[in-house]
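Student: structure of the sequence below:
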Amino acid sequence: QLQLVESGGGLVQPGGSLRLACTASEFTLKTYEIAWFRQAPGKEREGVSCINTSGALIRYADSVKGRFTISRDNAKNTVYLQMNTLKPEDTATYYCAAGTRFSLFRRFFDYWGQGTQVTVSS
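Tutor: Residues are numbered from 1 along each chain as shown. Now for the predicted structure:
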């Protein structure tokens, strides 16, 4: 079973920044489209950002445009999500997922990490 591992979550004040990382130890990410999703308590899991295999195509949810940046370093087998100007409404568990479609829809992703908690609070 292919397993992704997220890291970098934590508690941050509003306006602060965090960088999440997604990696895999048992397979290479460079052949997969990667997306970040998040899920807040009582809410549906939503797509935040996605990146294609080469990194040339990127998409963001409207709620994070201009604040979040997705990138990938295929040599390090890692995908990043830089999150700036964080807001309390960004509080959620963040998941990375690997699939074969450039998309922000959950159904196109077969492999998921266990998530990392991001809490934005003063």
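Student: from I51, how far out is C96?
Tutor: Relative to I51, C96 is positioned 10 Å away (criterion: Cβ to Cβ, to the nearest Å). Bear in mind the C-beta positions are built from the backbone N, C-alpha and C, glycine included.
Student: residues shared between the contacts of the two?
Tutor: Common neighbours of C96 and I51, using Cβ atoms under 8 Å, 6 or more residues apart in numbering, are 34-35, 79.
Student: Serialize these to a markdown table and add fields for pLDDT and secondary structure.
Tutor: What follows is the shared contacts of C96 and I51, written out as a markdown table (pLDDT from 0 to 100; DSSP: H, G, I helix; E, B strand; the rest coil):
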| residue | pLDDT | secondary structure |
| --- | --- | --- |
| I34 | 97 | strand |
| A35 | 98 | strand |
| V79 | 98 | strand |
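Student: need the residues you listed in CSV (columns: neighbour count).
Tutor: Formatted as CSV, the shared contacts of C96 and I51 follow (neighbours: other Cβ atoms under 10 Å):
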residue, neighbour count
I34, 28
A35, 28
V79, 29
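Student: between the two ends of stretch 103-120, how far is it?
Tutor: 26 Å (Cα to Cα, to the nearest Å).
Student: same deal with stretch 85-92?
Tutor: End-to-end distance of stretch 85-92: 15 Å, with Cα to Cα as the criterion.
Student: what's the answer for stretch 72-92, then?
Tutor: Using Cα to Cα, the two ends of stretch 72-92 sit 22 Å apart.
Student: got it, and stretch 77-95?
Tutor: Counting by Cα to Cα, you get 16 Å between the two ends of stretch 77-95.
Student: that stretch: how far from the chain's middle?
Tutor: 7 Å (Cα atoms, centre = their mean, to the nearest Å).
Student: cool, stretch 112-122 as well?
Tutor: 10 Å.
Student: how about the most centrally placed residue in the chain: what's its closest non-neighbour residue?
Tutor: The chain has W36 as the residue nearest its centroid, 2.6 Å off, counting by Cα atoms, centre = their mean. Nearest non-adjacent residue to W36, counting by Cβ to Cβ, 6 or more residues apart in numbering: V48, 4.5 Å away.
Student: OK, contacts around the one you found?
Tutor: Contacts of V48 (Cβ under 8 Å, 6+ apart): 35-38, 60-61, 64, 68, 81, 94, 104.
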